[in-house]
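In: no sequence on hand, only this structure:
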């Protein structure tokens, strides 16, 4: 969905299981995608989130969208 590039970092995530009142730690991925201003990336990102949730049986996936100044 992003042929111009992206970065994937291995991470360790944690969340609170409110039913068991415990902290759960698990392997995670930090995916960084940079797109030009005005690019409509939301549907592509939503599709990636949905696929990740289904494949890894996740209840939620954090998504942060913010402007950035970058150069390559």
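Out: Yep, that arrived. None of these values were measured; they are calculated from a predicted model.

In: what's stretch 25-44 in contact with?
Out: Contacts to stretch 25-44, defined as Cβ atoms under 8 Å, 6 or more residues apart in numbering, come from residues 1-2, 5-14, 45, 48, 52, 65, 67-68, 70. To be clear about C-beta, it is placed using only N, CA and C from the backbone, and glycine gets the same treatment.

In: neighbours of the residue lying closest to residue 2 once chain neighbours are set aside, just the number please.
Out: Computed as Cβ to Cβ, 6 or more residues apart in numbering, the closest residue to residue 2 that is not its neighbour in sequence is residue 33, at 5.3 Å. Residue 33 is flanked by 16 other residues according to other Cβ atoms under 10 Å.

In: how near is residue 33 to residue 43?
Out: Applying Cβ to Cβ, to the nearest Å, the value for residue 33 to residue 43 is 13 Å.

In: quick check on the residue nearest to residue 60 when sequence neighbours are not counted: phi, psi?
Out: Once flanking residues are discounted, residue 60 sits nearest to residue 53: 7.5 Å by Cβ to Cβ, 6+ apart. The phi/psi pair for residue 53 (degrees, to the nearest 10) reads phi -60, psi -40.

In: just give me the neighbour total for residue 53.
Out: Residue neighbour count, defined by other Cβ under 10 Å, stands at 13 for residue 53.

In: list the contacts of it.
Out: 59-61.
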